[in-house]
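**Q** sequence below, structure please.
(one chain, ligands or ions: 1)
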Amino acid sequence: MLDKLKSIENNALDTLAGAETLEALEQWRIENLSRSSEVMSVFSKMGTLTAEERPLVGQEANKVKQKLEAAFAEKSETLKQEAMQKAISSEKIDVTLPGRPAKKGGLHPATVSLRRILAILGDMGFQAYTSRDVETDEMNFQALNFPPHHPAREMQDSFYIDAPEAGDNPMLLRTHTSPGQIRAMREYSALDPQNPPAIRIALPGMCYRYEQITARSEVQFYQVEGLAVGKNITYGDLKGTLAEFARRMFGEQARVRFRASYFPFTEPSAEMDVECFVCGGKGCPVCKNSGWLEILGSGMVHPVVLQNGGYDPTVYSGFAFGMGPQRQTMLLHKMNDIRYFWGNDIRFLQQF
Ligand code: PHE
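**A** Next up, the predicted model:
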């Protein structure tokens, strides 16, 4: 029995030396120190021994048990220390490293150009005026002198809204910011119908068209409308104002040209081009070799439109213009696809 105890001890100490992890150590404890372990089973076999053997074996068994317990405690301490050292060296933090810069949010490129245009027009005396996105057919078309069967009024161009109570004045999402001209003129002229005040406003807003989405057209886009109404406003004022706008927007050397055009609500009408700032007018893919970039539509407010707004066309005159901030952003940054604006691709947005 004493020999057996000696071999239990040696075996246990040998396997303990091989336990390298806390899990292996726990396994060792179960095998060598629990109730079902070999040392403990010696105690339960005391009854089979003679009266002389019993105290000797009992003492020896106790010694072995204590030795194993002590060895276990020591090994356990060593392994814990090792684990701690390992954690300290692998998880160390270098407090002298510079911090990671926090990512800053930014304004959307469409918002940036919208604000820039408004700031320039603001400096030139145009006050911001906002109008509604959901319009009536009357404001979006009729009051703006669209002829009864003008193609822009047809379903394929406009998002009409299901509003049965609207009757023969259906509701739609505005297809341009021009209905704001009528709303502004009516609001101003109501202040003093006999002698309405002069108007100089810039009208920003989202516009909507029922179109196929392609690289060149979106169903939703910004416009900025300009409107000046007063006595003695001439076509010269329109040209001077828009040429000055182009210089402030595209640079002091920006040259512009006006091309005769047609809009139902202006007469005469013109589109303004700015000399291509990519090639300096020599011709390149951005200006499609023309040397010019189309920037906006404009014209003298049509007498019928002045009338509809409460301004007597024999006393008052005015000019109006409408431009697309996103189109200007595209030209400035040589963007070839308008869909980037609402694509929400962070790689695109981060460049601004
Ligand atoms: N509303 C016109 C468009 O959407 C632009 C425009 C505005 C033209 C004002 C003339 C005057 O194309």
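**Q** when you work out contacts or count neighbours from here on, use the C-alpha atoms and nothing else.
**A** OK.
**Q** sticking with Ile93, tell me its helix or strand.
**A** Using DSSP states H and E, Ile93 sits in no helix or strand.
**Q** let me redo that: Glu271
**A** strand 266-275.
**Q** indicate each strand paired with that strand and its parallel or antiparallel sense.
**A** strand 256-263 (antiparallel), strand 292-301 (antiparallel) (DSSP bridges).
**Q** using CSV, write out every CA atom in the shortest one.
**A** Yep, that's strand 256-263 we're talking about. Coordinates of each C-alpha in strand 256-263 appear next as CSV, following Å, rounded to 0.1, in the frame of the first residue of the first chain:
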residue,chain,number,x,y,z
VAL,A,256,-21.0,84.4,-71.3
ARG,A,257,-23.2,84.4,-74.4
PHE,A,258,-27.0,84.5,-74.7
ARG,A,259,-28.8,82.4,-77.2
ALA,A,260,-32.4,83.1,-78.2
SER,A,261,-34.8,80.5,-76.8
TYR,A,262,-38.4,79.9,-75.9
PHE,A,263,-40.3,79.6,-72.6
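**Q** list the buried ones in that strand?
**A** 256, 258, 263 (16 or more other Cα atoms under 10 Å).
**Q** and it, how far out from the chain middle?
**A** Centre-to-centre, strand 256-263 and its host chain are 36 Å apart (Cα atoms, centre = their mean, to the nearest Å).
**Q** now that strand: average pLDDT?
**A** For strand 256-263, mean pLDDT rounds to 96.
**Q** give the buried residues for the worst-scoring helix or strand of the chain on mean pLDDT.
**A** Every helix and strand in the chain was compared by mean pLDDT, DSSP states H and E; the lowest is helix 38-44, with a mean of 84. Neighbour-count burial for helix 38-44 flags 38-40, 42 (criterion: 16+ other Cα under 10 Å).
**Q** ok, and of these, which contact the ligand?
**A** Checking the buried residues of helix 38-44 against the ligand by Cα under 6 Å from any ligand atom, not one of them is in range.
**Q** could you dump the buried residues of strand 256-263 to CSV with distance to the ligand?
**A** Formatted as CSV, the buried residues of strand 256-263 follow (distance: Cα to the nearest ligand atom, whole Å):
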residue, distance to the ligand
Val256, 17
Phe258, 12
Phe263, 6
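**Q** sorry, back to before: TSV please, covering the strands paired with strand 266-275 and showing distance to Gly324.
**A** Formatted as TSV, the strands paired with strand 266-275 follow (distance: least, Cα to Cα, whole Å):
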stretch	distance to Gly324
strand 256-263	16
strand 292-301	7
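**Q** quick check: which of those strands is nearest to Ile8?
**A** strand 292-301 (95.9 Å; Cα to Cα).
**Q** that closest one near the ligand at all?
**A** Yes. Strand 292-301 reaches the ligand (Cα under 6 Å from any ligand atom) through 297-299.
**Q** how many neighbours does Asp94 have?
**A** Per other Cα atoms under 10 Å, the neighbour tally for Asp94 reads 7.
**Q** nope, Asp345 is what I meant
**A** 10.
**Q** interface residues of the stretch 101-250 of the chain facing the ligand?
**A** So far as Cα under 6 Å from any ligand atom goes, the stretch 101-250 of the chain lies against the ligand at 176, 178, 225.
**Q** so what does the nearest residue to the last one once chain neighbours are set aside look like in phi/psi?
**A** This points to Glu225. Leaving aside its sequence neighbours, Glu225 sits nearest to Gly322 (Cα to Cα, 6 or more residues apart in numbering; 4.3 Å). Reported as degrees, to the nearest 10, the phi and psi values for Gly322 are phi -140, psi 130.
**Q** still on that earlier bit, out of the residues of strand 292-301 next to the ligand, who's the most crowded?
**A** Top of the residues of strand 292-301 next to the ligand by neighbour count (other Cα under 10 Å): Ser298, with 30 neighbours.
**Q** for the protein, give me the ranges with low pLDDT.
**A** Under the criterion pLDDT under 70, the flagged ranges of the chain are 155-156.
**Q** now do the domain split for it, please.
**A** Annotated domains of the chain cover 2-87, 109-349 [automatic domain parsing].
**Q** beta partners for Ser317?
**A** Beta-bridge partners of Ser317, as defined by DSSP bridges: Gly230.
**Q** and the helices in the stretch 51-200 of the chain?
**A** All helices of the stretch 51-200 of the chain, identified by DSSP state H, counting those that start in this stretch, fall at 53-90, 109-123, 137-140, 179-191.
**Q** try the stretch 201-350 of the chain
**A** 235-250, 303-308, 325-332, 340-343, 346-349.
**Q** looking at the ones you listed, which is nearest to Leu56?
**A** Leu56 sits nearest to helix 346-349 of all the helices of the stretch 201-350 of the chain, at 81.7 Å, using Cα to Cα.
**Q** could you check the closest one and say which residues are buried?
**A** Those would be Leu349, for helix 346-349 by 16+ other Cα under 10 Å.
**Q** who's in contact with it?
**A** 108-109, 340 (Cα atoms under 8 Å, 6 or more residues apart in numbering).
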